[in-house]
Every structure is written in structure tokens, then in C-alpha cells.
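Peer 1: Structure, please.
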Amino acid sequence: MSSVIAAARFSVLDRSRTREGHTNAEALRDTVRLARELEGLGYHRFWVSEHHGVPGVAGSAPTVLAAAVAAATRTIRVGTGGVMLPNHQPLVVAEQFGVLESLFPGRIDMGLGRSVGFTDGVRKALGRDKGDAEDFAGQLDELLGWFRGTSATGVHARPAEGLTVPPFVLAMGEGAAVAARAGLPMVIGDLRDRERMRRGIDRYRAAFRPSPWAREPYVVISGTIAVAATPAEARRLLIPEAWSMAYSRTHGTFPPLPPAERVEALTMSARERGFYDSGLAGHIAGTEEQVAHELETLLKETGAQELLVTTSTYDREALLNSYRRLAHVITD
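Peer 2: Residues are numbered from 1 along each chain as shown. Below you'll find the model as predicted:
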């Protein structure tokens, strides 16, 4: 194994994707089962996400799901990728993570994003609007203040105050600049625009200010990695998600994942085909040897300390097999 790969950490973000013919409850239970499997394979972290009103995603309450994952595992770090801070009051977020850290000490991560509800209807239901994302830096500072006990309100966040829950910033848009100014680790993607990603990493490192949370820049790259016995099989793992993305771009709703064979039998419009082909491109996919080569190149180019794998597909056993093969790449 390459020394560059050996030096990096490998983690997983699972979005609890729903699948055609299966329920939301099954998707959530699949997430918990996957976490147990990945813990046994030696992955460093397991994160869950926040989405509201999306037919293809069951994960709407990440701190609740993180609690279920942490209760079902013993050693793997558990967190969020992420809690969308503009959707919530910082005090409530601090309290939730304080409870998680108290129940599962030393295992909880606090991944934070700046997106607000995806549609006008969702934002209205959440009591938010697009402008709420504009003060992400202030919301982040307030949240961290609840852990430090520096709030001027006279209120104390129980049981968060005095606890250390590592915060990470999802670098969407201005997120990288916010992470640098706050001195926090940064999660950045995607792999399909590597030049843009490298520029973002360079800006983050140049502007980074050491903080009590992190003395040096820490970069986590997120993206899809698919590993199979052949390149064709690895590419096939990408098909359900690529079609769901294409469908969302052309129909305005993000559907459950379909089986790859159903997608392959579709007659797509030119617009659908364009988005679909784009969705298949730019990921890391192939045999173990091919993926090892691509990972070594990526890590050398970016100097990232960690990779957060975000792969989704219809076939859960094929997905688990991909993670097993990736574990061979990073541990052998």
C-alpha cells in the first residue's frame, strides 16, 4: 500500500437514500447496519446527513440518527455531514450534541453546513428563508460559544458547556472562508471539479487561523468512490444515483434510487441524457488497483488528511462489497 494512502483517514457519509420498493424505515435501518459493518472494516468516522421533504432521502433528523448509530457501534466516530445550522437555533444544536457527547464520550463529531431548506415550501415549513444562510459565521460562533460558556445571555447550554465536540465546516460556497477564519477543519467536494476543489483548499490553508479547535488546517475531501471486480461493475454502481440526480434536475424532485437495470432500459430525453452522463463522470471508480492509483494521485495533489466517501447505489450488498474492497485498498 502507498504510504500516502496509509497516512490518510477514510470515513463514510451515508445519506439514508431510499430505494424503489422499499420504505423510509428500511433506509434508516440500513444506515445503522452499514455503520456496524464499516466499523468492523476499520473506517474512521461514520456520518449522517440532514435533508427535509426529499422523497429519495430518509435522513431528516441527523442527531437522532447519529444517536442510533452510536448506540449500535462501539469504536467508530459518529457525526453529521452535516447539521444545516441556518435551519436551527444554535443553542438547540449545542444541547443535542452535548447529549450525544455525554452518552458516547470521545466519539462524536459535529459536521455543520450553511444550506437552508431546498425549496420555498420546505423553508416556509422550517420558518426560515434564504437570507438565514447569510449569517452562517455568526451562527457558528454562537454555537461554539455555548460549548465554551461564553454566551452573554446568562443562559448555560446543558450538558454541552465545557464539552469538546470536534466541529467541521462543510465548505459549500463561503464555507471554506468561514472555516479558515474560525480555525476549524473543512470538508470539501466534489471530485468532479478538482481544479476548483484545489483552489478552495489552497485558499483555506492560506487564510487559516489557529484556534482552540484546530492548531493547523485539516482538509477532508468528500466524494463518490466505487470499487468492484471490473471497471464496468464499478461504473454500474454509479448508475442509480446518476439517474436520480438527472431526474431531479429535469423534473424538480429527487426520487428514490432505482435498480441499475431499469435505468439502462430507459429512453432518456436529450436533456436527461446530458445530466445523466454528467452524473456518471468525475468520480473515482474501478478495480482495487485502479482506485488505489487514483487515490494516491488525489492525496498527493491536495495534501488532504482524510477522505469522506459518499457513495450511494440501489444494491446494498454491492455497496457494502465496494466498501470492503476499498478497505482492502487502504489497509493492505
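Peer 1: Can you pull the poorly scored residue ranges out of the stretch 51-200 of the chain?
Peer 2: Across the stretch 51-200 of the chain, residues meeting the criterion (pLDDT under 70) sit at 117-118, 120, 129-133, 173.
Peer 1: all helices of it, in order?
Peer 2: Counting by DSSP state H, counting those that start in this stretch, one finds helices in the stretch 51-200 of the chain at the ranges 62-72, 90-103, 120-126, 136-148, 175-182, 194-207.
Peer 1: any chance of those in TSV, plus mean neighbour count and distance to Ile188?
Peer 2: Glycine gets a C-beta too; all of them are placed from N, C-alpha and C. Listed next are the helices of the stretch 51-200 of the chain as TSV, based on neighbours: other Cβ atoms under 10 Å; distance: least, Cβ to Cβ, whole Å:
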stretch	mean neighbour count	distance to Ile188
helix 62-72	20	19
helix 90-103	20	22
helix 120-126	14	25
helix 136-148	19	15
helix 175-182	22	7
helix 194-207	15	6
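Peer 1: got JSON lines for those, with distance to Leu266 too?
Peer 2: Output for those, formatted as JSON lines (distance: least, Cβ to Cβ, whole Å):
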{"stretch": "helix 62-72", "distance to Leu266": "32"}
{"stretch": "helix 90-103", "distance to Leu266": "41"}
{"stretch": "helix 120-126", "distance to Leu266": "28"}
{"stretch": "helix 136-148", "distance to Leu266": "39"}
{"stretch": "helix 175-182", "distance to Leu266": "35"}
{"stretch": "helix 194-207", "distance to Leu266": "30"}
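Peer 1: Quick one, which of those gets closest to Val54.
Peer 2: helix 120-126 (8.6 Å; Cβ to Cβ).
Peer 1: ok, Val57 - how many residues close by?
Peer 2: Val57 sits with 21 neighbouring residues when counted by other Cβ atoms under 10 Å.
Peer 1: Spatially, what comes nearest to it if we skip its sequence neighbours?
Peer 2: His51 (4.1 Å; Cβ to Cβ, 6 or more residues apart in numbering).
Peer 1: burial count for Ile225?
Peer 2: As a burial measure, the neighbour count of Ile225 was computed by other Cβ under 10 Å and equals 27.
Peer 1: Also Tyr43?
Peer 2: Burial of Tyr43 is recorded as 21 neighbouring residues (other Cβ under 10 Å).
Peer 1: what do you get for Leu326?
Peer 2: For Leu326, the neighbour count with other Cβ under 10 Å is 26.
Peer 1: Tell me the helices and strands packed up against the strand or helix carrying it.
Peer 2: Mapping Leu326 onto the secondary structure by DSSP states H and E places it in helix 316-331. Based on contacts counted as 3 or more Cβ pairs under 8 Å, 6 or more residues apart in numbering; DSSP states H and E, the elements that helix 316-331 packs against are helix 3-7, strand 9-14, helix 24-41, strand 225-227, helix 231-251, helix 288-302.
Peer 1: among the ones you listed, which is nearest Gly282?
Peer 2: The minimum distance between Gly282 and the helices and strands packed on helix 316-331 falls on helix 231-251, with 10.2 Å, by Cβ to Cβ.
Peer 1: tell me what the closest one is packed against?
Peer 2: In terms of contacts (3+ Cβ pairs under 8 Å, 6+ apart), helix 231-251 is packed against strand 225-227, helix 260-264, helix 270-280, strand 284-286, helix 316-331.
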